[in-house]
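[1] Mind looking at a prediction? Sequence and model below.
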2 protein chains.
Amino acid sequence: MILDGRPVAQKTLDGVRAGVTRLREATGVQPKLAVVLVGDFAPSKIYVASKIRTTESVGIASEDHLFPGGLTQDALIKLLHSLSDDASVHGILLQLPLPTGLDESAAIDAIAPNKDVDGLHPVNMGRLLAGATGMVPCTPAGCLEILDHYGAALRGAEAVVIGRSRLVGKPLAQLLLARHATVTTCHTRTRDLGAHTRRADVLCVAAGRARVITGDMVKAGAFVIDVGINRLETGKLAGDVDFESVSAKANVTPVPGGVGPMTIAMLMRNTLLTAERQIARS
Amino acid sequence: MILDGRPVAQKTLDGVRAGVTRLREATGVQPKLAVVLVGDFAPSKIYVASKIRTTESVGIASEDHLFPGGLTQDALIKLLHSLSDDASVHGILLQLPLPTGLDESAAIDAIAPNKDVDGLHPVNMGRLLAGATGMVPCTPAGCLEILDHYGAALRGAEAVVIGRSRLVGKPLAQLLLARHATVTTCHTRTRDLGAHTRRADVLCVAAGRARVITGDMVKAGAFVIDVGINRLETGKLAGDVDFESVSAKANVTPVPGGVGPMTIAMLMRNTLLTAERQIARS
């Protein structure tokens, strides 16, 4: 089975669009996402353009703060504080990575936790670890949506996550644990990666290297989520999973068209959620 | 090898005592720990008495707020806010569990993160997940100290943690991951517990049930940390590990005298740390 992310993303976006309409009818308020992009890193510009397009398609307003020429740390923090204080802004997306010289942690700390649609503020990360409901980072949340959509059983399952970044691997492991999977986190220092991947019922790969997981490394019938996106020398895009050999024996997300569309869809859902919570509280 | 926690705790306490002396000589300030105990749960009373005795032994002042007859949620929150604002108090220890009817999460949120010596505030949990240095919960931090003291190799090791509580299992898994172990978290829903424990180079057990890990479930030469403390029908204390059969083939902490003394020692170290940081900042 190909775990196509596009219909899942579409379903999520349809739900967000309906939620936005309901919210506007009930309260007159349109959710608004502030997008902050510093520098001119090409992939970031592509992601941001796509995010802005998607906000429009679901009826969320966007307010764009683009600084292709860069920004000082002080000015960035001041901007994030002012967006945090602005009642008309419900979500703040700070596109990462920041250009060299800017302090990412300090910037994330400057975003109000209840507007942190990427779920990266320490308070939201802490709530995730504590098992309570904060904002969940978009990519891991999207992986779970795909697994649920295609009927992967998580309770009691052997789940293996490759990668331990704070954006993907770590929160993903916590989400799987909260769903009662037995979770192993592997990484570059793992000695026998294949021994772990071969026993996985659910295998999530965020290794950051093209095609490191091949067919001989996965269990027949497993659910394999490929979070990687790598540009090959040929110019083609490839995931961290070797699609051809793995799809012959397991269920796997394609790249592109797997996790990617889900990340943006979950960003929209998080924006709607933050708006609903802020309006309910005011 | 018996992984005796007492000499490790002693070494830690000696270091704290020297640090307290240095701090007093340099700044004239004595670190102070505020201890809050609500209700009259017998084990909590014993822990708190022991913690207060230990503060005295290392030169830390303690300020005790004991409410054996209970306290309302409002009064508890007000107290925690006032201790958070009191510049003479450097650490706040809220003894858990709270009596039924009190909201533990709300209480923890009311403690200033920089005085949270138990490392349970979402901000500190989040920093742990992000890999930055916040306050690390005392019991997991104590487990790492024991492993380091007795020379367990962690980098690349297969580490298995049994239990996923926010006080022990989850932060312990994060600490092991930060030390580059490949980490598996097992729990009550894990299907084949023995298959995981048998491949563990480092096995940390916080299952909450007496003697669930027996000799046939551990690898020869493994390092086994027993976080459990259970009172048997005979009145004797026992860990989550069957000490007799496991100690015949692996390195294991005794109960009592293993992790227990380390938890209190790490609490003292965290109190000193918070005091040093607050004084440096003022």
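    Received, thanks.

[2] what residues does chain A put near chain B?
    Neighbours of chain B within chain A, by C-beta under 8 Å from any C-beta of the partner chain: A:105, A:121-132, A:134, A:155-156, A:158, A:164, A:166, A:170-171, A:173-174, A:177, A:180-187, A:189-191, A:196. All C-beta atoms are positioned from the backbone trio N, CA, C, and that covers glycine.

[3] Tell me which of these fall in helices.
    Taking DSSP state H, the ones among the residues of chain A next to chain B that sit in helices are A:105, A:122-130, A:170-171, A:173-174, A:177, A:196.

[4] Tell me, how many residues neighbour the spatially closest residue to A:Val136 that is not a sequence neighbour?
    Spatially, and ignoring its direct neighbours in sequence, A:Val136 is nearest to A:Gly119 (5.1 Å; C-beta to C-beta, 6 or more residues apart in numbering or on different chains). Neighbourhood size, A:Gly119 [other C-beta atoms under 10 Å in any protein chain shown]: 23.

[5] so which helix or strand takes in A:Gly119?
    Under the criterion DSSP states H and E, no helix or strand holds A:Gly119.

[6] Let me see the contact set for it.
    A:Met125, A:Leu128, A:Gly134, A:Met135, A:Val136, A:Pro137, A:Cys138, A:Ala141, A:Pro171, A:Asn270 (C-beta atoms under 8 Å, 6 or more residues apart in numbering or on different chains).

[7] I'd like those as CSV, with pLDDT and neighbour count appended.
    Formatted as CSV, those follow (pLDDT from 0 to 100; neighbours: other C-beta atoms under 10 Å in any protein chain shown):
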residue, pLDDT, neighbour count
A:Met125, 93, 30
A:Leu128, 91, 26
A:Gly134, 76, 20
A:Met135, 89, 25
A:Val136, 93, 25
A:Pro137, 95, 29
A:Cys138, 96, 28
A:Ala141, 97, 22
A:Pro171, 96, 26
A:Asn270, 97, 25
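
[8] circling back: apply the buried test to the ones in helices among the residues of chain A next to chain B and list what passes.
    A:122-130, A:170-171, A:173-174, A:177, A:196 (16 or more other C-beta atoms under 10 Å in any protein chain shown).

[9] closest to B:Leu37 among these?
    Set against B:Leu37, the nearest of these by C-beta to C-beta is A:Ala130 (22.0 Å).

[10] any idea of the pLDDT on the closest one?
    Looking at A:Ala130, its pLDDT reads 84.

[11] Tell me how many other residues surround the residue lying closest to A:Gly156 once chain neighbours are set aside.
    Residue nearest to A:Gly156 in three dimensions, not counting chain neighbours: B:Arg189, with 4.7 Å by C-beta to C-beta, 6+ apart. Neighbours of B:Arg189 under the rule other C-beta under 10 Å: 15.

[12] I figured B:Arg189 was touching A:Ala178, is that so?
    No: applying C-beta atoms under 8 Å as the test, B:Arg189 and A:Ala178 come out as separate, 11.3 Å apart.

[13] where does the residue nearest to A:Gly156 fall, phi/psi-wise?
    For B:Arg189, the backbone dihedrals (degrees, to the nearest 10) come out as phi -90, psi 0.

[14] who's in contact with it?
    Residues near B:Arg189 by C-beta under 8 Å, 6+ apart: A:Arg155, A:Gly156, A:His180, A:Ala181, A:Thr182.

[15] Pull the number of nearby residues for the third one.
    Residues within reach of A:His180, counting by other C-beta under 10 Å, total 17.

[16] do the same with the first one
    For A:Arg155, the tally of surrounding residues (other C-beta under 10 Å) stands at 8.

[17] So for the most centrally placed residue in chain A, what's the pLDDT?
    Closest residue to the average C-alpha location of chain A: A:Thr139 at 1.8 Å, with C-alpha atoms, centre = their mean. Note for A:Thr139: predicted pLDDT of 97.

[18] tell me the pLDDT at the residue lying closest to A:Ser245 once chain neighbours are set aside?
    Closest residue in space to A:Ser245, ignoring its immediate chain neighbours: A:Gly215 at 3.0 Å, by C-beta to C-beta, 6+ apart. At A:Gly215, the model reports a pLDDT of 98.
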